[in-house]
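**Student:** have a look at this prediction, sequence included:
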Amino acid sequence: MEIVIYSNNFQLISQTEKRYLMPANFLDLHIVDYCQLRCKHCYLNKGNSIMPVDMIKNLCIDFLKTKLPLSKQIILSGGDPLLHPNFAEICELVRKLNCGIRLSTNGILIPKYIDIFKKSDGIQVSADGNKRSSQLYS
Ligand code: SF4
């Protein structure tokens, strides 16, 4: 489980499970640390951790209290964030905080959740090339 808070110049200034209240522009929550794929280039130290919904809520609230976010967007990543067992609930709580959702996902489970996404959400899916050989797996 990882919380990544980026400063104005995009340098990592905190990587911890503790709650922090500090100036930040982006909140990138790695809500799970596992994934269905095994990409060769993956930097993830995979495990089986799930960030509790209460922790996600508290982190979002703390982040918004800083009054410094560039925009009210919460980044949900992982692993694959769509594998979080409470993913739909997390999206609901982010919306209740009047924040937009930004996803970093491998895209496999997007069809399962397609009805909960809105046009204003941002979904980033990695593609490493247009040939099968570009998609290398270990
Ligand atoms: S999809 Fe992303 S998280 Fe999953 S193995 Fe590939 S690089 Fe790692």
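**Tutor:** Perfect, I can see it now.
**Student:** contacts, neighbours, all on C-alpha from now
**Tutor:** Noted.
**Student:** in the helix with the most length in the chain, which residues are buried?
**Tutor:** Of all the segments assigned as helix in the chain under DSSP state H, the longest by residue count is helix 53-65. Neighbour counts using 16 or more other CA atoms under 10 Å place Val53, Ile56, Leu59, Cys60, Phe63, Leu64 of helix 53-65 among the buried residues.
**Student:** helix or strand next in line after that helix, which one?
**Tutor:** The element immediately downstream of helix 53-65 (helix or strand, assigned by DSSP states H and E) is strand 73-77.
**Student:** give me the distance from that next one to the chain's centre.
**Tutor:** 4 Å (CA atoms, centre = their mean, to the nearest Å).
**Student:** alpha carbons only: can I get that strand in CSV?
**Tutor:** What follows is strand 73-77 as a C-alpha-only set of coordinates in CSV (Å, rounded to 0.1, in the frame of the first residue of the first chain):
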residue,chain,number,x,y,z
GLN,A,73,-8.9,15.4,-8.7
ILE,A,74,-8.0,12.2,-6.9
ILE,A,75,-5.7,9.8,-8.7
LEU,A,76,-6.5,6.1,-8.0
SER,A,77,-3.8,3.7,-9.0
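**Student:** direction included, what does that strand pair up with?
**Tutor:** Sheet partners assigned to strand 73-77 using DSSP bridges are listed as strand 26-30 (parallel), strand 100-105 (parallel).
**Student:** one step back: for the longest helix of the chain, the averaged confidence score.
**Tutor:** Averaged across helix 53-65, pLDDT comes to 91.
**Student:** helices and strands around it, which ones?
**Tutor:** strand 26-30, helix 87-96 (3 or more CA pairs under 8 Å, 6 or more residues apart in numbering; DSSP states H and E).
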